[in-house]
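> show me the folded form of this:
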Amino acid sequence: MKDRSRKTTYEERIEIVNYCLEHDKNYKDAAELFNVSYTQVYQWVNKYKEDGKKDSKTNEENGKRKNNSAKSSSYNAK
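This next block holds a predicted model:
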């Protein structure tokens with residue numbers, strides 16, 4: 001079976017969710033069309049329904065390191 005694991009942008013996920021909802025929650029077709037896994041489409045649609053568009057980034061920002069400006073200021077030019 002073909003690996004359907006790939007990174008998607010927030011905008012792609014919204015497009016996939018909208019496609020799925022407009023086509024009677026056809027997760028299989030959406031997964032095949034956008035080359036992502038069925039499970040991922042299912043999870044994105046459910047998260048979208050639970051949280052709404054605002055929070056449907058599906059943890060996109062979680063786990064990312066914030067830029068620590070205090071560290072970078074210690075390297076000022078002499």
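
> ranges for the helices of this structure?
10-22, 27-34, 38-51, 69-73 (DSSP state H).

> angle of the longest one against helix 27-34?
Helix 38-51 and helix 27-34 meet at an angle of 110 degrees, taking axes from the mean of the first three to the mean of the last three Cα atoms, to 10 degrees as the criterion.

> JSON lines for the helices of the chain, including mean neighbour count and mean pLDDT?
Just so you know, the C-beta spots here come from the backbone N, C-alpha and C atoms, and that holds for glycine as well. JSON lines is the format used below for these (neighbours: other Cβ atoms under 10 Å; pLDDT from 0 to 100):
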{"stretch": "helix 10-22", "mean neighbour count": "16", "mean pLDDT": "95"}
{"stretch": "helix 27-34", "mean neighbour count": "17", "mean pLDDT": "95"}
{"stretch": "helix 38-51", "mean neighbour count": "16", "mean pLDDT": "93"}
{"stretch": "helix 69-73", "mean neighbour count": "8", "mean pLDDT": "49"}
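
> per-residue confidence at residue 5?
We have a pLDDT of 71 for residue 5.

> how near is the closest residue to it other than its chain neighbours to residue 52?
Excluding the flanking residues, the one nearest residue 5 by Cβ to Cβ, 6 or more residues apart in numbering is residue 37, at 6.7 Å. Distance of residue 37 to residue 52, computed by Cβ to Cβ, to the nearest Å: 23 Å.

> the two: who's more crowded?
Counted by other Cβ atoms under 10 Å, residue 37 and residue 52 do not tie: residue 37 has more neighbours, with 15 against 9.

> what's the more buried one sitting at in phi/psi?
phi -80, psi 150 (degrees, to the nearest 10).
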